[in-house]
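**Q** Quick one: sequence and predicted model below, then my questions.
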Amino acid sequence: MIYLLISILSSTAIFILFRAFTSFRVITFPAIVINYLIACTLGMLLAGPDYPYLERASSPWFVGGLTIGVLFISLFYLMAFTSQRVGMSITSVATKMSLVIPVAWFMLTDPADVPTVIKVLAVLLAVVGVVLISSRTGEKFNWNYVLFPLLIFVGSGIIDLTLAHFSHLGTIQVIDQDQDFGQAIGIRRGLSIGNGQTRQMRDAFNIGTG
């Protein structure tokens, strides 16, 4: 439970900090890069001096972890830009609703997860919800306000799907997850990469939709 609370607080704090960048005249991209360096350093300190880095570099998930790391930088920058130009609430909703992408993927590829009309409708409504919340009240519909939240929605979904893929295949051992992924791609959403966590969220989604 404590990890869940830390994850929620961290996710919320990200958007507040991005919004505050303009007030304190913080340059976004260097701040994100410094954040990565700190996260990597923290991961190495937690791993200890005897951690087998070379051995982990040959792990099946390592290249994927580096790729996701690059996506993280791009996505964080886009999240900061959208928070400052469009709004924190829209950015937050687009990020959270991206969970439906791995949900939809496993619904199509996992024989144990049978698609239903309610589940498909819920996924479609999530996409429509991102589009509608991006529109400005009292203003003519403008795709410029929708494009960036949609990119965040798709980008976050791809990252979540990739993490879920490695976790689903069991290529990441539970005992090593916090250290390995902390070093490979930094710390995202607190400590949210528990083995099978995405499956648990997907199960919760299934319960909620019948």
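**A** It's in.

**Q** Straight-line length of stretch 93-113, end to end?
**A** 25 Å (C-alpha to C-alpha, to the nearest Å).

**Q** Could I get the average pLDDT for it?
**A** Regarding stretch 93-113, the rounded mean pLDDT is 85.

**Q** Give the buried residues for it.
**A** 93-95, 97-107, 113 (16 or more other C-beta atoms under 10 Å). To be clear about C-beta, it is placed using only N, CA and C from the backbone, and glycine gets the same treatment.

**Q** Number of residues surrounding I68?
**A** Using other C-beta atoms under 10 Å, I68 has 21 neighbouring residues.

**Q** Check the protein and tell me which residue is nearest its centre.
**A** Among the residues of the chain, the one closest to the centroid is S156, at 4.6 Å (C-alpha atoms, centre = their mean).

**Q** Distance of that one relative to I133?
**A** According to C-beta to C-beta, to the nearest Å, S156 and I133 sit 15 Å apart.

**Q** do the same with F29
**A** 26 Å.

**Q** These two: which has the busier surroundings?
**A** Using other C-beta under 10 Å as the criterion, F29 and I133 rank with I133 on top: 18 against 11.

**Q** Contact partners for the more buried one?
**A** Counting by C-beta atoms under 8 Å, 6 or more residues apart in numbering, I133 touches 89-90, 93-94, 149.

**Q** Take these and keep only those in strands.
**A** In strands, judged by DSSP state E, none of those are found.

**Q** just curious, which of those residues is nearest to G129?
**A** Proximity of those to G129 (C-beta to C-beta) peaks at V93, which lies at 7.2 Å.

**Q** Remind me which helix or strand L71 belongs to.
**A** L71 belongs to helix 62-85 when elements are defined using DSSP states H and E.

**Q** buried stuff in that helix?
**A** 64-65, 68-69, 71-73, 75-84.

**Q** and the angle for whichever helix or strand A31 is part of with helix 62-85?
**A** In the assignment (DSSP H and E), A31 maps to helix 28-47. With axes from the mean of the first three to the mean of the last three C-alpha atoms, to 10 degrees defining the directions, helix 28-47 sits at 140 degrees from helix 62-85.

**Q** Which residues belonging to helix 28-47 are considered buried?
**A** Residues 28, 31-32, 35-36, 39-40, 43, 47 are the ones in helix 28-47 that count as buried (16+ other C-beta under 10 Å).

**Q** I'd say I68 and L163 touch.
**A** Yes - shown here, I68 and L163 form a contact pair, counting by C-beta atoms under 8 Å, at 7.3 Å.

**Q** And the strand or helix carrying V103, what does it pack against?
**A** Assigned by DSSP H and E, V103 belongs to helix 100-109. Packing partners of helix 100-109 (3 or more C-beta pairs under 8 Å, 6 or more residues apart in numbering; DSSP states H and E): helix 117-133, helix 143-169, helix 197-208.

**Q** Return that helix as PDB; C-alpha atoms alone will do.
**A** Coordinates of each C-alpha in helix 100-109 appear next as PDB, following Å, rounded to 0.1, in the frame of the first residue of the first chain:
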ATOM      1  CA  VAL A 100      -6.400   1.100 -21.700                       C
ATOM      2  CA  ILE A 101      -3.700   0.500 -24.400                       C
ATOM      3  CA  PRO A 102      -2.100  -2.400 -22.600                       C
ATOM      4  CA  VAL A 103      -5.500  -3.500 -21.400                       C
ATOM      5  CA  ALA A 104      -6.800  -3.600 -25.000                       C
ATOM      6  CA  TRP A 105      -3.600  -5.400 -26.200                       C
ATOM      7  CA  PHE A 106      -3.900  -8.200 -23.700                       C
ATOM      8  CA  MET A 107      -7.600  -8.400 -24.300                       C
ATOM      9  CA  LEU A 108      -6.800  -9.200 -27.900                       C
ATOM     10  CA  THR A 109      -3.800 -11.500 -27.400                       C
END
